[in-house]
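Colleague: My questions concern the predicted model and sequence given below.
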Amino acid sequence: MEVHHVAVAGTGMMGPGIAAIFALAGRRATVVSRTPEGAARGVGTARSLIEQLAANDLADPDQAQQAAARLEASTDPEGAARAAQLFVESIPEDLAVKQAFFTRLDKAAPDTILCSNTSGISITAIAAKASHPERILTTHFWNPPYLMPLVEVIMGERTSRQIADGVVELLRTCGKVPVLVRKDRPGQLGNRIQHAMIRECVNIVQEGIATAEDVDVAVMTGVGLRFPAYGVFEHADLVGLDLVKAVQDYVLPDLGTVQGAGRLHNEKVARGELGAKTGRGFLDWTPQQAQEVRARRDAFLIQFLRWEKARRAT
C-alpha cells in the first residue's frame, strides 16, 4: 500500500497526535478543522508533540524538524481527502455526525482509504450510507496517540481484508503496534478488556471489599505491573491452564455481572460526581492532582518507550 499523504480531521486530544505520527514516519500530514484557527492550532499542537518526542530521545532531532515541515492545515475535508491516500477521522463521538461526514468523504474521494478513530461506535454503522464501504475501517489509536503504541484496526462487515492488512502494515512502518480486529463488536478489543476490569473494580468498592485507593494500588503494583512484559494468554499458559481453571471455577461465580454501569457508578453520575473534571468521582481531585497524574502517566510511557527502543537496538 503506497501512502505518501495522510489527512487527519479533528484537533482535540487525538487528531494532532495522529498527524504527528504520520509526519514523523515521512508522510505529508494535513490537519483538517472547521476553521483556519482550529487547523493552525492543530498543526501547532502536532509540532509541539514532535518536539517533545525529540526532547525525550524518541525521535531524531533532524527527522523531527523535517516532520514538522510536513504538517499543513486545511479547512476543506473533501479536498484533503482527494489529495491524500489515507484519511483518519477524529471528530466527536456521534454516529449521525460521523456517518454524514464519511458519506461526504466517500463521495468526494472514491479512491481514498477512510479510517475512523472511534473508540466504540460500529464502523459498519458509520459506513452504512457510503458507496465504497470496502475502503472504510476503524483505526483506534489509544490516548495519548503519540506515545501509546497500540492501534486497533477494526474491520466493518464490508471492509476489504486486503485494505485492512495494508493499513496494518502501514501502521507498523510508522512505529505503531497494530492489531487486527476481525469482527465489528461494541468496545472493539482493548475497551472490552478495560471495561470488564473497570466493572469488577467498581463492584469491589461497591461491595465494601476494598477502597478505590487500594484497588488502584493493587492494579498498579500487582496485576497491571507485569502485563507490559507479557500478555494475558502468555500468563495463563505459564501459570498452567489447570490452575487457571481451578481459580476461575472458584472465583468467577462471585464476580459482578451487572449489565451496564454498576449501582455505585450510576449514583455518582446522578450526583454530578464525574471524576477529575468535577473534583470528585471515585476519588477526590484538585486540578493540580489531575495534572500530576497525567504527567506521571506520560513520564512512565516515555520511559517505557525508551526502554523498548534500547531493547530493539541490542
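Modeller: Thanks, I have it.
Colleague: neighbours around Thr30, how many?
Modeller: Neighbourhood size, Thr30 [other CB atoms under 10 Å]: 29. C-beta coordinates here come from the backbone N, C-alpha and C atoms, glycine included.
Colleague: same deal with Phe282?
Modeller: With other CB under 10 Å as criterion, Phe282 counts 18.
Colleague: and what of Ser33?
Modeller: The number of residues packed near Ser33 is 23, by other CB under 10 Å.
Colleague: That one touches Gly42, doesn't it?
Modeller: Yes. The pair Ser33 / Gly42 is scored as a contact, 5.7 Å apart, by CB atoms under 8 Å.
Colleague: so what sits against both of the two?
Modeller: In the contact map built from CB atoms under 8 Å, 6 or more residues apart in numbering, the residues linked to both Ser33 and Gly42 are 10-11, 73.
Colleague: can you redo the residues you listed as TSV with pLDDT and neighbour count?
Modeller: What follows is the shared contacts of Ser33 and Gly42, written out as TSV (pLDDT from 0 to 100; neighbours: other CB atoms under 10 Å):
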residue	pLDDT	neighbour count
Gly10	96	22
Thr11	95	27
Ala73	98	20
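Colleague: Can you lay out those as CSV showing secondary structure?
Modeller: Shown next, in CSV, are these (DSSP: H, G, I helix; E, B strand; the rest coil):
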residue, secondary structure
Gly10, coil
Thr11, coil
Ala73, strand
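Colleague: Okay, domains of the protein per the record?
Modeller: 5-181, 193-259 (automatic domain parsing).
Colleague: Would you mind finding the most buried of those domains?
Modeller: Most buried of these, by mean neighbour count (mean count of other CB atoms under 10 Å): domain 5-181, with a mean of 20.
Colleague: tell me the contacts of the closest residue to Ser131 other than its chain neighbours?
Modeller: Distances taken as CB to CB, 6 or more residues apart in numbering put Asp106 closest to Ser131, at 5.8 Å, once the chain neighbours are dropped. Taking CB under 8 Å, 6+ apart, we find Asp106 in contact with 114, 127, 130-132, 135-136.
Colleague: and Arg192, what does it touch?
Modeller: For Arg192, the contact set (CB under 8 Å, 6+ apart) comprises 185-186.
Colleague: Residue nearest the middle of this protein, spatially speaking?
Modeller: Geometric centre of the chain, nearest residue: Trp142, 1.9 Å, by CA atoms, centre = their mean.
Colleague: wait, it sits on Met148?
Modeller: Yes. The criterion here is CB under 8 Å, and Trp142 meets it with Met148 at 3.9 Å.
Colleague: So, low pLDDT: which residues of the protein?
Modeller: Judged against pLDDT under 70, the chain has no low-scoring part.
Colleague: Mind naming the longest helix for it?
Modeller: Determined from DSSP state H, the single longest helix within the chain is helix 287-313.
Colleague: Quick check: buried residues in it?
Modeller: Neighbour-count burial for helix 287-313 flags 301-302, 305 (criterion: 16 or more other CB atoms under 10 Å).
Colleague: Closest to Asp165 out of these?
Modeller: Nearest to Asp165 out of the buried residues of helix 287-313 is Leu305 (CB to CB; 25.7 Å).
Colleague: any idea how far Leu150 is from the closest one?
Modeller: 12 Å (CB to CB, to the nearest Å).
Colleague: list the contacts for the closest residue to Arg161 other than its chain neighbours?
Modeller: Excluding the flanking residues, the one nearest Arg161 by CB to CB, 6+ apart is Met155, at 7.1 Å. For Met155, the contact set (CB under 8 Å, 6+ apart) comprises 123, 137, 161, 164, 180-184.
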